[in-house]
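**Student:** here's my sequence, what's the structure:
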Amino acid sequence: MNKIVQEHTNDPSPIWSAVWAMSLCAMVLVASEFMPVSLLTPIAFDLHMSEGEAGQSISISGFFALMTSLWLSSLIGHRDRRHVLLFFTVLMGLSSMVVAFAPNAMILMVGRALLGVCIGGFWSMSAATIMRLVPKKSVPKALAILNGGNALSTTIAAPLGSFLGGMIGWRGAFFCIVPLSLIAFLWLYKSVPTLPSPHSSKHRATLGNVLKLLMQWRVALGMVSTMLFFMGQFTLFTYLRPFLETTTGVNVRMLSLLLLAMGVFGLLGTFVIGIVLKTRLFSVLIMIPFMMMGIAVALTFFGTSLIAMFLLLSLWGFLGTAAPVGWWMWLAQTLPHEAEAGGGLMVAIIQLAITLGAALGGLLFDAYGYESTFVFSAFLLWMATMMAGVTAFFTCKTNADIYLHK
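**Tutor:** Numbers count the residues shown, from 1 in each chain. Model prediction:
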């Protein structure tokens, strides 16, 4: 039924249906990952947790995604990548059911851990899989479609979660993921062809192959920059709802509008950055964390102003959603021939950053209030700005050396 896909250098026919199916899967995954951001308060109340403890549901997903992305190549070996993708889609639906019916905090964390396995596995394989589904000239377009699903889910996850939480409760909001997972599974099953392992039978990918990339200076510096940026972003982003409810004093309806504004501007930022990145990659990677640092500080001064919140959070969404596109483009330019290993490493770094950011932010939030959490976020974003500048310097220097020695 499913033909074996040929490498894109030999097969001129793109399989766009499979690309769109993967985009849907990415959208559902990211929506599941960040839905707790807008549901922290009701989850914490229902399961008798503090808001900081409920925020750890994002941390635990990030931790398991990190571990999965590092060990995925070793675990799946030479298995058909199509079967692996379908397995992760089934696991995604199962995790949502576990969370929706969780009777206590422990079961909630188990469900979130299963989701983390899906996130780490899917994203580690995504870029390498896309490159096998379409001809080489169509890879940028296919990656844009995949990241479009990511951007769309980032746009709707928080406001939709808040809206559904107000209408049918947080359990109902999570259960809505189940039918979406089923649709993604059926679409992937129908559209994705057989994808044999890209490695020869004598070659077995290991964790060492992934970590070995860090021995390249420009890769190591870029990964540190990426980690600092995502840590700074999620230290603040995870605790927006309790901040807005207690400091700004918004109700559920206004909260949904605020998060929707942030998401809409985030989607806009994704389109705009695609144009700017063609000529200004490192300028963008340096300026985005710098501007978000300023927003984090401004939130502590104008937290009681609803108008200021709309302006600041819209700008936060515009910058924060666009930044990952920039770092994935940096990866594509830096490791064009090691997509699977580089993708796994990037996913591991991002998930580690999300885990640490959400965990440290929660500890500070519970102990000292939102001000300490936001100031810590600003500090991390300042560090990310500095490291992005160092990465730009070493990358340009390395490229210049390569050019001179040709």
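**Student:** isn't Thr334 right up against Leu221?
**Tutor:** No - the pair Thr334 / Leu221 is not scored as a contact, 10.2 Å apart, by C-beta atoms under 8 Å. Heads up, the C-betas are built off the backbone N, CA and C, glycines and all.
**Student:** so what sits against both of the two?
**Tutor:** Thr395 (C-beta atoms under 8 Å, 6 or more residues apart in numbering).
**Student:** next up, phi/psi of Thr194, please.
**Tutor:** The phi/psi pair for Thr194 (degrees, to the nearest 10) reads phi -60, psi 130.
**Student:** so what pairs up with it in the strands?
**Tutor:** Beta-bridge pairing for Thr194 (DSSP bridges): Ile4.
**Student:** report pLDDT for Leu285.
**Tutor:** For Leu285, the pLDDT comes out at 90.
**Student:** going forward, the N-terminal residue is numbered 40.
**Tutor:** OK, 40 is where the count begins now, so the last one is Leu324.
**Student:** host element of the residue nearest to it when sequence neighbours are not counted?
**Tutor:** Among residues not flanking Leu324 along the chain, Ala427 sits closest, at 4.5 Å (C-beta to C-beta, 6 or more residues apart in numbering). Assigned by DSSP states H and E, Ala427 falls within helix 409-443.
**Student:** list the helices and strands that helix packs on?
**Tutor:** helix 256-276, helix 279-282, helix 320-340, helix 378-407 (3 or more C-beta pairs under 8 Å, 6 or more residues apart in numbering; DSSP states H and E).
**Student:** state the mean pLDDT of stretch 136-143.
**Tutor:** Mean pLDDT, stretch 136-143: 89.
**Student:** can you give me how far that stretch is from the chain middle?
**Tutor:** 23 Å (C-alpha atoms, centre = their mean, to the nearest Å).
**Student:** looking at the helices and strands packed on helix 409-443, which is closest to Cys215?
**Tutor:** The closest of the helices and strands packed on helix 409-443 to Cys215 is helix 279-282. By C-beta to C-beta, the value is 18.6 Å.
**Student:** and that closest one, what other elements does it pack with?
**Tutor:** helix 79-85, helix 409-443.
**Student:** and the angle from the helix holding Ala427 to helix 378-407?
**Tutor:** 160 degrees (axes from the mean of the first three to the mean of the last three C-alpha atoms, to 10 degrees).
**Student:** please work out the average pLDDT along helix 409-443.
**Tutor:** What helix 409-443 shows for mean pLDDT is 85.
**Student:** residues of it that come out buried?
**Tutor:** In terms of neighbour count (16 or more other C-beta atoms under 10 Å), helix 409-443 has its buried residues at 409-410, 412-424, 426-427, 430-431, 434.
**Student:** if we can go back for a sec, so which of the helices and strands packed on helix 409-443 gets nearest Val138?
**Tutor:** Closest of the helices and strands packed on helix 409-443 to Val138 is helix 378-407, at 16.2 Å (criterion: C-beta to C-beta).
**Student:** check which residues of the closest one are buried.
**Tutor:** Using 16+ other C-beta under 10 Å as the test for burial, helix 378-407 gives 378-404.
**Student:** ok, stretch 251-258 next?
**Tutor:** Residues Leu252, Arg257, Val258 are the ones in stretch 251-258 that count as buried (16+ other C-beta under 10 Å).
**Student:** is the second one in contact with Phe432, as I believe?
**Tutor:** It refers to Arg257. No - the criterion here is C-beta under 8 Å, and Arg257 misses it with Phe432 at 9.8 Å.
**Student:** from Phe127, how far off is Ala225?
**Tutor:** Let me fix one detail, which is that residue 225 is Leu and not Ala. Distance, Leu225 to Phe127, by C-beta to C-beta, to the nearest Å: 15 Å.
**Student:** now do Gly288
**Tutor:** Counting by C-beta to C-beta, the gap from Gly288 to Phe127 is 41 Å.
**Student:** could you do Tyr409 as well?
**Tutor:** According to C-beta to C-beta, Tyr409 stands 35 Å off from Phe127.
**Student:** follow-up on the earlier one: pick the one among the buried residues of stretch 251-258 closest to Leu320.
**Tutor:** Checking the buried residues of stretch 251-258 against Leu320 with C-beta to C-beta, the nearest one is Arg257 at 12.9 Å.
**Student:** check contacts around the closest one.
**Tutor:** Arg257 makes contact with Thr373, Thr430, Phe433, Thr434, Thr437, according to C-beta under 8 Å, 6+ apart.
**Student:** what's around Val129, how many residues?
**Tutor:** Number of residues near Val129 (other C-beta atoms under 10 Å) recorded here: 14.
**Student:** roughly how far does the closest residue to it other than its chain neighbours sit from Thr233?
**Tutor:** Distances taken as C-beta to C-beta, 6+ apart put Phe224 closest to Val129, at 6.3 Å, once the chain neighbours are dropped. Remark: distance between Phe224 and Thr233 (C-beta to C-beta) = 17 Å.
**Student:** give me the more crowded residue out of these two.
**Tutor:** Set side by side, Phe224 and Thr233 show more neighbours around Phe224, with 20 against 13, by other C-beta under 10 Å.
**Student:** right, I'll call it a day here.
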